[in-house]
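In: Need the 3D shape of this:
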Amino acid sequence: MSHNIHNHHDEHHDHDHHHHDHDHSHSKSNGLTLAFWLNLLFSIIEVFGGIFTNSTAIIADAFHDFTDAIAIGIAVLLEKISDKKRTSGFSYGYKRFSLLAAIGMSVFLLVGAVWMVNSAVNSFIEPREVNSIGMLWLAVLGVAINGFAFLRMKKGDTGHHHHHHSHSHGHSHNHNRKAIMLHILEDVLGWAAVLLGAGIIYFTGWNWVDGVLTLMIAIFVGYNATRNLIGTMKVLLQSVPENVSIEKLSAELNHIKGVEDIHDLHIWSIDGDYIICSLHVVVPTDDTNEVADTLLTILKLMEKYKIHHPTVQIEKTARDCKLVTC
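Out: Just a heads-up that it's a prediction; the model follows:
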């Protein structure tokens, strides 16, 4: 005797929270759109600023900002796609599409870090004189614009996370948004370095200071982008989510009254947030009430472990199961 029993409780739970999910995803999307427009407009200002100040670094940064604005635009589009419901072609929905954007953004960040190192090395080899006053004003504007975009996105994130500490659409680990916020933070730090560098160059004429600051930021950005890329790849490779201990869950499942054995336990995540679990449970009884009680206890334990989509197969014996050692 075996039953395939799916957890319908979870769909009901998600339905109850539909309205405030919509509000939060709307504010998230607004934060992304704002970041896109600010990056695009500011990159145009930078081109003219770079020509005015005779700074090749600022012109190069304008190109860097423009390409990142395009990347954010793609991320906005993919995030909208990832919110669509399941179809017959994509039975899990489109949540994984946001991971594609996360990989793209992380690669952009790594390319940006390499570009920074290259610029820093060139500035040591061939120091050039620039209009430090013009650089100073552009840096103030850069810190203000990117700082505003970063705080707006952070505010949207923390508000959303606070409301959804245990719900399936919480985005505290959303790799796509992490990559975008990291890029904006990179820009804030980049402009803070330009601001500091412009001040020091103005008063001392030490052109090498700018290169040292650029190298420090490049290391910081490269390290974080690599971590984000590894995290995204782990999700794609269907590793067990970091916040779930498969050993602890197995032990707790085996201690449930009525459970003789569990096997074929799999835990993975669709997008870094939405966790799925499937398992076979041996309950050696014909008493349907006892089976129902055992199942309910299992589903409550799944909820405790923040597993949003459990599928439980109840079996009377493990003898006939072909997936015991799978």
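In: residues near Asp286, how many?
Out: Residues near Asp286, counting by other CB atoms under 10 Å, number 9. All C-beta spots, glycine's among them, are computed from the backbone N, C-alpha and C.
In: what's the distance between Val209 and Leu138?
Out: 17 Å (CB to CB, to the nearest Å).
In: neighbour count winner among those two?
Out: Leu138 (26 against 18).
In: out of everything not next to it in sequence, what's closest to that one?
Out: In space, and not counting its chain neighbours, Leu138 is closest to Gly49: 4.5 Å by CB to CB, 6 or more residues apart in numbering.
In: For the one you found, pull up the helix or strand it's in.
Out: helix 18-53 (DSSP states H and E).
In: which strands and helices sit next to the next helix or strand after that helix?
Out: Per DSSP H and E, the first helix or strand lying C-terminal to helix 18-53 is helix 56-82. On a contact count with 3 or more CB pairs under 8 Å, 6 or more residues apart in numbering; DSSP states H and E, helix 56-82 meets helix 18-53, helix 97-125, helix 175-204.
In: from those helices, which stretch is densest packed?
Out: Burial of the helices and strands packed on helix 56-82 is given as mean neighbour count (mean count of other CB atoms under 10 Å); helix 175-204 ranks first at a mean of 21.
In: tell me the angle it makes with helix 56-82.
Out: If you take axes from the mean of the first three to the mean of the last three CA atoms, to 10 degrees, helix 175-204 sits at 170 degrees to helix 56-82.
In: and whichever helix or strand comes after helix 175-204, how far from the chain's centre?
Out: Once helix 175-204 ends, the next helix or strand along the chain (criterion: DSSP H and E) is helix 208-236. Counting by CA atoms, centre = their mean, to the nearest Å, helix 208-236 is centred 15 Å from the centre of its parent chain.
In: quick check: angle from helix 208-236 to helix 175-204?
Out: Using the same axes, to 10 degrees, helix 208-236 lies at 170 degrees relative to helix 175-204.
In: Could you quantify the relative orientation of helix 208-236 and helix 97-125 as an angle?
Out: Using the same axes, to 10 degrees: helix 208-236 against helix 97-125 is 160 degrees.
In: For the helix or strand just after helix 208-236, buried residues please.
Out: Next helix or strand after helix 208-236 toward the C-terminus (DSSP H and E): helix 246-254. Going by neighbour count (16 or more other CB atoms under 10 Å), the buried part of helix 246-254 is 249, 253.
In: Helix 246-254 - what's its average pLDDT?
Out: Across helix 246-254, pLDDT averages out at 92.
In: who does that helix touch, helix- and strand-wise?
Out: Secondary-structure packing of helix 246-254 (3+ CB pairs under 8 Å, 6+ apart): strand 261-269, helix 288-304.
In: Go through those and name the closest to Thr87.
Out: Among the helices and strands packed on helix 246-254, strand 261-269 comes nearest to Thr87, with 20.2 Å by CB to CB.
In: same question for that closest one, mean pLDDT?
Out: On average, strand 261-269 scores 92.
In: what distance separates it from the middle of the whole chain?
Out: 25 Å.
In: Beyond it, next helix or strand please.
Out: Past strand 261-269, the next helix or strand by DSSP H and E is strand 275-282.
In: what does that next one contact?
Out: 241, 244, 253, 259-270, 294, 298, 302, 306-318, 321, 323-324 (CB atoms under 8 Å, 6 or more residues apart in numbering).
In: Weed out the non-buried ones from those.
Out: Among these, those classed as buried by neighbour count (16+ other CB under 10 Å) are 241, 244, 253, 259, 261-264, 267-270, 294, 298, 302, 306-310, 312-316, 318, 321.
In: Am I right that Gln313 sits in a strand?
Out: Yes - counting by DSSP: H, G, I helix; E, B strand; the rest coil, Gln313 is found in a strand.
In: Give me the distance between it and Val244.
Out: 19 Å.
In: swap in Leu236?
Out: Taken as CB to CB, the span from Leu236 to Val244 is 17 Å.
In: do Phe90 as well
Out: For Phe90 relative to Val244 (CB to CB), the value is 24 Å.
In: and what of Ala179?
Out: 23 Å.
In: just to revisit the earlier point, for the residue nearest to Leu138, which residues are in contact?
Out: Gly49 makes contacts with 55, 58, 62, 134, 138, as judged by CB under 8 Å, 6+ apart.
In: Highest neighbour count among the residues you listed?
Out: Result: Leu138 is most packed of the contacts of Gly49 (other CB under 10 Å), 26 neighbours.
In: Which of the three states applies to it?
Out: What three-state DSSP gives for Leu138 is helix.
In: Which pLDDT value goes with it?
Out: 87.
In: Poorly predicted segments of the stretch 101-250 of the chain, please.
Out: Along the stretch 101-250 of the chain, the parts satisfying pLDDT under 70 run over 130, 156-176, 210.
In: Pro284 looks like it's in a helix, true?
Out: No - in this structure, Pro284 is coil, not part of a helix, as judged by three-state DSSP.
In: So for it, what's the nearest residue that isn't a sequence neighbour?
Out: Glu260 (5.2 Å).
In: which residues touch that neighbour?
Out: 282-284.
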